[in-house]
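Chemist: A structural model of the following input is requested.
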Amino acid sequence: MIATKTQNSKALMWTILLIAFIQMAHLAIMPGIDRIATEVFPERSLQEVQTAMSLPNIAALITGVAAAMFVRYGLMSKRAMVLAGLVLVSLTGLSAMALNTRFWHLYLMNACLGAGMGIYLPNIQSIMFDNFDEKKRRFLSGMQLAFNNGGGIVMSIAAGILVAFIWYGGHLVSLLALPVLGMAIVAIPKDERMRPLAENGGARTKIPGGVYYFTLLIFVFMVMYNVAGMNISTHIVSGGIGSSATAGIATALMMAGGVIAGLSFPKVSQVLRDTIFPFSFVLLFVGFSLMNLFPSSLAATLAAMAICGAALSLYMPRCIFNVSNLTDPTNSATATMLIICIAPGGGSFLSPIVMTNLTMLFGGDSTRYRYQFTAFACLALAALTFIKSILDAKRAPVPHENT
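Modeler: Next up is the predicted model:
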């Protein structure tokens, strides 16, 4: 059955935002990377630890595909998938308390976290697409990023403090999903399973080509963006400007930059339209360059992380908003799976595999080199996306966006 506009839109809106508040749980585990690599599992290389810590992204990718298929073929409703995903995220914190002595335990915790995210993220996004008009979708697209960055601040600071005492402290913050699960059970409206195409009156189910373009944009961006969080713990500790707790604060400030950018997104998006993509890559260039140029300055490092966070909160909601204008209730679950799970999950997972190995080949273990190398890559991508946006505007003028 195709979802209909819910009568209790305020309750649904706040539930969507509260779910977004815990969405950054996978970034809250980043402050523990240096301690895990140097103290807990010193026999493992930095690249191995980074790959294990990025497992939530690939797990989210796999379960996101499965969740979209479950919804598309009527095996489960979108509401049921959201609730199941929140249960798995909650189990991450519970499993961390019981299984925390072997390296495969780290894989297990991260797989559980990612699996839950992959199940609930595309479906809560699809529910938002199905139940709100264009004005509310643009508002919620920005507010979601503000809320998940706000939640990220809370979780990152808590994780940074906890990691100083217990190496899996970052995973314990996933327990915040428990109260959110309770609210979701009450507030998300019941929806029936999707019926076969013929029963839907032949409604379109084909994914528009534009969705694949924005999927690619998100994938490439996340390969670059994830370099910031994956290396900040090592950058701060090895540079002698702080500890794991400091790395937690740095990650929190990255979220703070995201909050500010997310709140300003509706206005910025209206002005910049699709040139927001090259603008975001330029912000990454500035952030990464600051960390290379001022490695001994904690203030510069914290400012750089805030700038990187702002870039994500401008880039992602614009992609989500554009995709929301290309979909309907019959294909929104699949479309959101592509842009919420496949693209960011694949990009984030491949980021350390590609960027860490590539920069170690030319610049060794230096995080300064890694950040500057990525900065120049972002500058090149800014040029390419700017040219693309100009050509698109000339071919087909962008229609007026409702305010």
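Chemist: Now the helix or strand where Thr251 lies: buried residues?
Modeler: Using DSSP states H and E, Thr251 falls within helix 244-272. Within helix 244-272, the residues that count as buried by 16 or more other CB atoms under 10 Å are 244-259, 261-263, 265-266, 268-269, 272. C-beta: built from backbone N, CA, C; applies to glycine.
Chemist: cool, stretch 152-170 as well?
Modeler: The neighbour-count check on stretch 152-170 (16+ other CB under 10 Å) flags 152-160, 162-164, 167-170 as buried.
Chemist: what's the answer for stretch 13-32, then?
Modeler: Using 16+ other CB under 10 Å as the test for burial, stretch 13-32 gives 13, 15-32.
Chemist: Give me the residue ranges of the stretch 151-300 of the chain where confidence is low.
Modeler: Filtered on pLDDT under 70, the stretch 151-300 of the chain yields the residue ranges 192-205.
Chemist: ok so, going back, quick one: which of the buried residues of stretch 13-32 sit in helices?
Modeler: 13, 15-21, 25-28 (DSSP state H).
Chemist: Point out the least confident one among those residues.
Modeler: Among those, Leu27 carries the lowest pLDDT, at 69.
Chemist: buried stuff in the helix or strand Ile127 falls within?
Modeler: Element membership of Ile127 [criterion: DSSP H and E] is helix 103-131. Using 16+ other CB under 10 Å as the test for burial, helix 103-131 gives 105-106, 108-131.
Chemist: mind listing the helices for the stretch 301-403 of the chain?
Modeler: Using DSSP state H, counting those that start in this stretch, the helices of the stretch 301-403 of the chain run over residues 332-336, 343-351, 357-363, 367-395.
Chemist: Looking at the ones you listed, spot the one closest to Asn57.
Modeler: Among the helices of the stretch 301-403 of the chain, helix 343-351 comes nearest to Asn57, with 3.8 Å by CB to CB.
Chemist: Would you mind pulling up the elements that the closest one packs against?
Modeler: Helices and strands touching helix 343-351, by 3 or more CB pairs under 8 Å, 6 or more residues apart in numbering; DSSP states H and E, are helix 55-72, helix 209-238.
Chemist: contacting residues around it?
Modeler: 51, 54-61, 64, 114, 118, 214-227, 230, 316 (CB atoms under 8 Å, 6 or more residues apart in numbering).
Chemist: average pLDDT across that helix?
Modeler: Rounded mean pLDDT across helix 343-351 is 83.
Chemist: Identify the residues contacting Ser244.
Modeler: Ser244 is in contact with 31-32, 34-35, 160, 163-164, 233, 237, counting by CB under 8 Å, 6+ apart.
Chemist: Let's have the helices and strands packed on helix 343-351 in JSON lines, adding mean neighbour count.
Modeler: Listed next are the helices and strands packed on helix 343-351 as JSON lines, based on neighbours: other CB atoms under 10 Å:
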{"stretch": "helix 55-72", "mean neighbour count": "23"}
{"stretch": "helix 209-238", "mean neighbour count": "22"}
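Chemist: Need these in JSON lines (columns: distance to Ala311).
Modeler: As requested, the helices and strands packed on helix 343-351 are exported to JSON lines (distance: least, CB to CB, whole Å):
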{"stretch": "helix 55-72", "distance to Ala311": "18"}
{"stretch": "helix 209-238", "distance to Ala311": "7"}
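Chemist: So for Ser289, which of the ones you listed sits nearest?
Modeler: Between Ser289 and these, the tightest spacing by CB to CB is seen for helix 209-238, at 12.1 Å.
Chemist: Tell me how far that closest one lies from the chain's centre.
Modeler: 9 Å (CA atoms, centre = their mean, to the nearest Å).
Chemist: Could you shift the numbering so residue one becomes 53, and keep it that way?
Modeler: Taking 53 as the first residue, the last one we looked at is helix 261-290.
Chemist: That one versus helix 107-124: what angle between them?
Modeler: Between the axes of helix 261-290 and helix 107-124, defined by axes from the mean of the first three to the mean of the last three CA atoms, to 10 degrees, the angle is 160 degrees.
Chemist: before we move on, the earlier item: wait, which of the helices and strands packed on helix 395-403 is closest to Pro404?
Modeler: Checking the helices and strands packed on helix 395-403 against Pro404 by CB to CB gives helix 261-290 as the closest, at 5.3 Å.
Chemist: who does that closest one touch, helix- and strand-wise?
Modeler: By 3+ CB pairs under 8 Å, 6+ apart, helix 261-290 packs against helix 85-87, helix 98-105, helix 296-324, helix 328-345, helix 350-376, helix 395-403, helix 419-447.
Chemist: tilt between it and helix 98-105?
Modeler: For helix 261-290 against helix 98-105, the angle by the same axes, to 10 degrees is 130 degrees.
Chemist: got the angle for helix 261-290 vs helix 350-376?
Modeler: 170 degrees.
Chemist: if I pick the closest residue to Leu143 other than its chain neighbours, what's in contact with it?
Modeler: In this structure, Leu143 finds its nearest non-sequential neighbour in Cys164, 5.5 Å apart by CB to CB, 6 or more residues apart in numbering. Cys164 sits next to 111, 140-141, 143-144, 147 when contact means CB under 8 Å, 6+ apart.
Chemist: picking that back up, is it possible to get TSV of the helices and strands packed on helix 261-290 that adds distance to Thr386?
Modeler: Converted to TSV, the helices and strands packed on helix 261-290 look like this (distance: least, CB to CB, whole Å):
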stretch	distance to Thr386
helix 85-87	33
helix 98-105	28
helix 296-324	24
helix 328-345	23
helix 350-376	11
helix 395-403	13
helix 419-447	24
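Chemist: For Asn409, find the nearest of those.
Modeler: helix 98-105 (6.5 Å).
Chemist: on contacts alone, who are the packing partners of that closest one?
Modeler: With contacts taken as 3+ CB pairs under 8 Å, 6+ apart, helix 98-105 sits against helix 85-87, helix 155-183, helix 261-290.
Chemist: Kindly present these as TSV, with separate columns for distance to Arg422.
Modeler: Putting the helices and strands packed on helix 98-105 into TSV (distance: least, CB to CB, whole Å) gives the following:
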stretch	distance to Arg422
helix 85-87	14
helix 155-183	22
helix 261-290	6
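Chemist: Would you single out the least confident of the helices of the stretch 353-455 of the chain?
Modeler: Looking at the helices of the stretch 353-455 of the chain, the weakest mean confidence is helix 384-388, a mean of 76.
Chemist: any residues touching it, and which ones?
Modeler: Residues from elsewhere that reach helix 384-388 (CB under 8 Å, 6+ apart): 119-120, 123-124, 130, 173-175, 177-178, 181-182, 246, 259, 263, 375-376, 378-379.
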